[in-house]
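Trainee: fold the following for me, if possible:
(one chain, ligands or ions: 1)
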Amino acid sequence: MSGPDVEKNQSMLSLATSERTEFFTESVIREMTRLALEHNAVNLAQGFPDYDLPEVMKKGAIEAIEAGLNQYAITWGTKNLREAIAKKFKAVQGLEISPETEVTVTCGSTEAMIASLFAIVNPSDEVIVFEPFYENYGPDAVLSSAITQYVSMKPPSKDSKETEWTFDFDELKAAFNDKTKAIIINTPNNPTGKVFTRKELEFIAELCQKWNVFVITDEIYDHMVYDGLEHISMVTLPGMRERTITINAISKTYSATGWRVGWAVAPPAITKSIRKVHDFLTVGAPHPLQEGAAKALGLPQDYYKKLLAAYVYRREFLLKTLQNAGFEAWKPYGAYYIMVDFTDLWERNQEKWKLNNELDFAHWMAREIGVAAVPGNGFYRIPFYGRTKLRFSFGRRNEVLQEAAAKLAKLK
Ligand code: GLN
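Mentor: Next up is the predicted model:
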């Protein structure tokens, strides 16, 4: 039977796929990568760093393969990697954690997030998410049968002194109630580049303690914080250690998004549940790559300093490029994304471009200008809210950013 015949047969049998998959679409981010490949566009859409990964890390993985470490590792992660994670946690967060009872190695932070939600959420529990949000959190909530409460973050307005995205404390307060089970925080933030301040985190912490709520904090961009700002981990705030799940991965910091090695750090009782879910979801992350990752986590401070310096340069470069091209671009204080609004460009060129509506702009830009970015609708619960926004990633080599700049200049 060929493809169309199979489809016809299925509809005759009324074989329906699950209702939960009706509540979300395929990833807008991954779709743009496919489109970039199709049109040979410079891909500033999906956030993957394209520089070479550290030599020790590569060697670590190769040696592990050669040493025969090719079967399953312990499901919650190799001893070497869990110990390296605990050591790094001590260095970054200043906290002693047990590699035996508080660390779960997962297939990337993506699995860490969904395993954490499965581990703590009951159907119809509420989970609070800041919007715009990293697109995975939406489907994650649907898959774990949670009800999502969104709290909006607003970009700095043109005439205010604010330079950071902010949220309204009263709106957040109103999102908590006795059904609230967890809040998801992502700092430094994807897609806005916001770095949550101590004051904001303390406010969230107070509400979490008042309503007895978990925090799942995705800190995958913790080494990308600019302008002398400080990365603050929720787990370090008083009273938060017992209720916080801290997620991270090697993907961004060590340029290995394809290795799929991440982790969740949580108190023993929560870790027990996360490990159970993780075991049945994926059994484990790739064994030899865990050994390589353990080596990466042991890199000296100098590595992170150089990484940061490179990103500071790229941020300036892309910010100027986007502003020169006619976008309203908000300066990010962390992570490697720049959110822009293209209302002005749209109003000036709408007739010439002949597009149906703003939602077609990102596709048009990939096709006609040759630069792919993520359309803003991927980060909002209602696509309309993000229709005039785009997210660009500067996690790319300088020459790639230069090529993108030359193409984006055509927009003017
Ligand atoms: N986190 C990256 C982004 O936001 C990659 C997403 C993905 O495809 N897993 O672009």
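Trainee: any part of stretch 176-195 near the ligand?
Mentor: Yes - counting by Cβ under 6 Å from any ligand atom, the ligand is contacted by stretch 176-195 at residue 190. In short, each C-beta sits where N, CA and C put it, glycine included.
Trainee: so how far is that stretch from its chain's centroid?
Mentor: Distance, stretch centre to chain centre, for stretch 176-195: 12 Å (Cα atoms, centre = their mean, to the nearest Å).
Trainee: leaving out the residues flanking it, which one is nearest to the closest residue to the ligand within the chain?
Mentor: Of all residues in the chain, the one sitting closest to the ligand is residue 47 (3.2 Å; Cβ to the nearest ligand atom). Of all residues not flanking residue 47 in the chain, residue 393 sits nearest, at 4.6 Å (Cβ to Cβ, 6 or more residues apart in numbering).
Trainee: okay, now the domains of the protein?
Mentor: Per automatic domain parsing, the structural domains of the chain span 22-52+302-411, 55-298.
Trainee: any chance of those in CSV with mean neighbour count as columns?
Mentor: Output for the domains of the chain, formatted as CSV (neighbours: other Cβ atoms under 10 Å):
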stretch, mean neighbour count
domain 22-52+302-411, 18
domain 55-298, 19
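Trainee: want to throw the ones you listed into TSV with mean pLDDT?
Mentor: Shown next, in TSV, are the domains of the chain (pLDDT from 0 to 100):
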stretch	mean pLDDT
domain 22-52+302-411	95
domain 55-298	97
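Trainee: if I look at the closest residue in space to residue 333 that isn't next to it in sequence, how far off is residue 207?
Mentor: The spatially closest residue to residue 333, leaving aside those adjacent along the chain, is residue 195, at 4.6 Å (Cβ to Cβ, 6+ apart). Using Cβ to Cβ, to the nearest Å, one gets 20 Å for the distance from residue 195 to residue 207.
Trainee: with residue 319 instead?
Mentor: 34 Å.
Trainee: pull the contacting residues for the residue of the chain closest to the ligand.
Mentor: By Cβ atoms under 8 Å, 6 or more residues apart in numbering, the contact set of residue 47 is 29, 190, 252, 336, 337, 393, 395.
Trainee: quick one: contacts for the residue nearest to residue 333?
Mentor: Going by Cβ under 8 Å, 6+ apart, residue 195 touches 164, 187, 188, 189, 225, 229, 230, 231, 333, 334.
Trainee: let me have those in TSV, extended by secondary structure.
Mentor: TSV is the format used below for these (DSSP: H, G, I helix; E, B strand; the rest coil):
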residue	secondary structure
164	coil
187	coil
188	coil
189	coil
225	strand
229	coil
230	coil
231	coil
333	coil
334	strand
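Trainee: what segments of the stretch 101-250 of the chain are strands?
Mentor: 103-106, 126-131, 147-154, 166-167, 180-186, 214-218, 244-249 (DSSP state E, counting those that start in this stretch).
Trainee: now these as a markdown table including distance to residue 399?
Mentor: Listed next are the strands of the stretch 101-250 of the chain as a markdown table, based on distance: least, Cβ to Cβ, whole Å:
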| stretch | distance to residue 399 |
| --- | --- |
| strand 103-106 | 34 |
| strand 126-131 | 34 |
| strand 147-154 | 33 |
| strand 166-167 | 36 |
| strand 180-186 | 30 |
| strand 214-218 | 30 |
| strand 244-249 | 26 |
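Trainee: residue 274 is nearest to which of the ones you listed?
Mentor: Nearest to residue 274 among these is strand 103-106; the distance by Cβ to Cβ comes to 4.9 Å.
Trainee: helices or strands up against the longest helix anywhere in the chain?
Mentor: When the chain is parsed with DSSP state H, its longest helix is helix 301-324. Other helices and strands packing on helix 301-324, by 3 or more Cβ pairs under 8 Å, 6 or more residues apart in numbering; DSSP states H and E, are strand 328-329, strand 337-341, helix 398-408.
Trainee: may I see these organised as TSV, with distance to residue 175 added?
Mentor: Below are these laid out as TSV (distance: least, Cβ to Cβ, whole Å):
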stretch	distance to residue 175
strand 328-329	28
strand 337-341	22
helix 398-408	37
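Trainee: nearest residue to residue 218 other than its sequence neighbours?
Mentor: residue 186 (4.3 Å).
Trainee: got the contact list for residue 276?
Mentor: Counted by Cβ under 8 Å, 6+ apart, residue 276 has contacts residue 119.
Trainee: and the strand or helix carrying it, C-alpha only, in CSV?
Mentor: Element membership for residue 276, per DSSP states H and E: helix 268-282. The C-alpha coordinates for helix 268-282 follow below in CSV (Å, rounded to 0.1, in the frame of the first residue of the first chain):
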residue,chain,number,x,y,z
PRO,A,268,16.3,13.3,46.9
ALA,A,269,12.5,12.7,47.2
ILE,A,270,11.9,14.7,44.0
THR,A,271,14.9,13.1,42.2
LYS,A,272,13.5,9.7,43.0
SER,A,273,10.3,10.5,41.0
ILE,A,274,12.2,12.2,38.2
ARG,A,275,14.5,9.2,37.9
LYS,A,276,11.5,6.8,37.6
VAL,A,277,10.0,8.9,34.8
HIS,A,278,13.3,9.3,33.1
ASP,A,279,14.0,5.6,33.1
PHE,A,280,10.8,4.8,31.3
LEU,A,281,11.0,7.7,28.9
THR,A,282,14.5,7.2,27.6
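Trainee: chain center to that helix: distance?
Mentor: 21 Å.
Trainee: helices or strands up against the helix or strand just after that helix?
Mentor: Scanning forward in sequence from helix 268-282 by DSSP H and E, the next helix or strand is helix 287-297. Applying 3+ Cβ pairs under 8 Å, 6+ apart, we find helix 287-297 packed against helix 55-66, helix 79-92.
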